[in-house]
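[1] Here's my sequence, what's the structure:
(one chain, ligands or ions: 1)
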Amino acid sequence: MVKYIYKEFKTTLNKLKYPDSWFWSRYTLNTYSGCEHACIYCDARSQRYYLEDFENEVIIKTNFDKKLDQRFKRARTLLPDVIAPGGVNDAYQPIEKKIEHTRKVFQVIAKHKFPINIATKSKLVTRDLDILKKIAADTWCTIGFSISTTNEELAKFLEPHSSSPFERLEALKIIKKKAPNIQVGTYFIPIIPFLEDDDENLEAVIKKSKDAGADFILFSPGLTMRDSQAQYFINKLKRSKYDYVVKPLLNLYKGQMHPPTDYNSSIHAKVWNLSEKYDVKVRVKRWIPSDYRKWNYKISELLLNTEYIEMLKGYANKTMMWAGLHLNNLEESILDVYERGELSKLRNFTKNIIEFVTPHLEKGKALKHKTGLDKFL
Ligand code: SF4
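    So this is what the prediction gives:
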């Protein structure tokens, strides 16, 4: 039995120092604390979250919609940017069906025209398509279903109270059909070693997502194994029909939080080849603002996506990654910096990076001068 606690919190919106280069979120918010989906691998069980009984005690943050509305109204300098609801909780966990708490918060987000990126394991998100379509029409809306296996029995064991993979794929189809202006896809995360990393499952998740209409599939090999979360997961496995994976899993991790690099590289290569085979994008298309940040975000997206693809191929380029991240915090347009010949003053903009971005900035400059105002391009 889940216990529901109503409690008022002071904060609503958290701003990240840099946007997340996978989900493109700049703000996070949590309408709930705790998650009754109770996935047995959930990182919320690790000590760093200080959540005692996160699956049996769910806190409903009262007055959240009103407080968020006030936050938007009072903060004159709050620039619109992507909001990601649900850190270590699912905004569409079962109680949401009854109390429509997240729905009210999303109405406020729609009212203030902020873009949003939702990750969920619930089909319930389709209930709010009226609001989400409006957000997509006004700014940008992305929905990703977390799907890491198409084996219903395994999914029931790993994620006991969420919608089944079949239901999530059906929900993806519905969104694609009823709300074509929403970017929708699959978050193939985590890919649990020895349970979900076999060739058959990798191909099934990608093929079925593509068949359902996924615009993207984001994937990440391995599962983070951290203190009490790792302990809980291993104990659950030991008491199940999947106990045979415990030994190979422990051998693979060797007490570390992540699998070794060569394991990750082999999964990266396999999923990358499958994404090519099924012609599916492995990145989410970014929201681009129409103010002075427009070209900063475009070039940042280019740098971060290029760095990611190079990483998949085995070439780490941290300078490019940091150049892309810092650019999001530039308080003027990179086009102005370029026209002054001062790109080398930007953080991590080395000679190679300047050479790489110059053709794109030339295009931006030409468009700007052609129209005088490039906000519509
Ligand atoms: S849905 Fe996400 S937050 Fe909720 S239990 Fe599962 S992994 Fe954790």
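[2] In terms of helices and strands, where is residue 72?
    Using DSSP states H and E, residue 72 sits within helix 64-74.
[3] Which of the residues in that helix are classified as buried?
    By 16 or more other Cβ atoms under 10 Å, the buried positions in helix 64-74 come out as 64, 65, 67, 68, 69, 71, 72. The way it works is simple: take the backbone N, C-alpha and C, and place the C-beta from them, glycine included.
[4] What are the contacting residues of that helix?
    With Cβ atoms under 8 Å, 6 or more residues apart in numbering as the contact definition, helix 64-74 has outside contacts at 9, 12-13, 29, 31, 78, 101, 104-105, 107-109, 111-112, 114.
[5] from the buried residues of helix 64-74, which is closest to the ligand?
    Comparing those against the ligand with Cβ to the nearest ligand atom places residue 64 closest, at 17.5 Å.
[6] Report pLDDT for that closest one.
    Model confidence at residue 64, given as pLDDT, is 96.
[7] Same question for residue 51.
    62.
[8] Numbering from 69 from now on, please.
    Shifting the count to begin at 69 puts that one at residue 119.
[9] for the contacts of helix 132-142, which one is nearest residue 404?
    If you rank those by distance to residue 404 using Cβ to Cβ, residue 146 comes first, at 23.2 Å.
[10] Against residue 261, how distant is the closest one?
    Using Cβ to Cβ, to the nearest Å, we find residue 146 at a distance of 41 Å from residue 261.
[11] wait, does the top strand by length along the chain contact the ligand?
    When the chain is parsed with DSSP state E, its longest strand is strand 251-259. No. With Cβ under 6 Å from any ligand atom as the criterion, the ligand is not reached by strand 251-259; the gap is at least 8.9 Å.
[12] Heading C-terminal from that strand, find the next helix or strand.
    Using DSSP H and E, the first helix or strand after strand 251-259 is helix 267-280.
[13] Could you give me the buried positions within that next one?
    The neighbour-count check on helix 267-280 (16+ other Cβ under 10 Å) flags 269, 270, 271, 272, 273, 274, 276, 277, 278, 280 as buried.
[14] other SSEs contacting the following helix or strand past it?
    Using DSSP H and E, the helix or strand that follows helix 267-280 towards the C-terminus is strand 284-289. Packing partners of strand 284-289 (3 or more Cβ pairs under 8 Å, 6 or more residues apart in numbering; DSSP states H and E): strand 251-259, helix 267-280, helix 329-345.
[15] Which residue of residue 146 and residue 261 possesses the greater neighbour count?
    Each of residue 146 and residue 261 has its neighbours counted (other Cβ atoms under 10 Å); residue 261 has more, 19 against 15.
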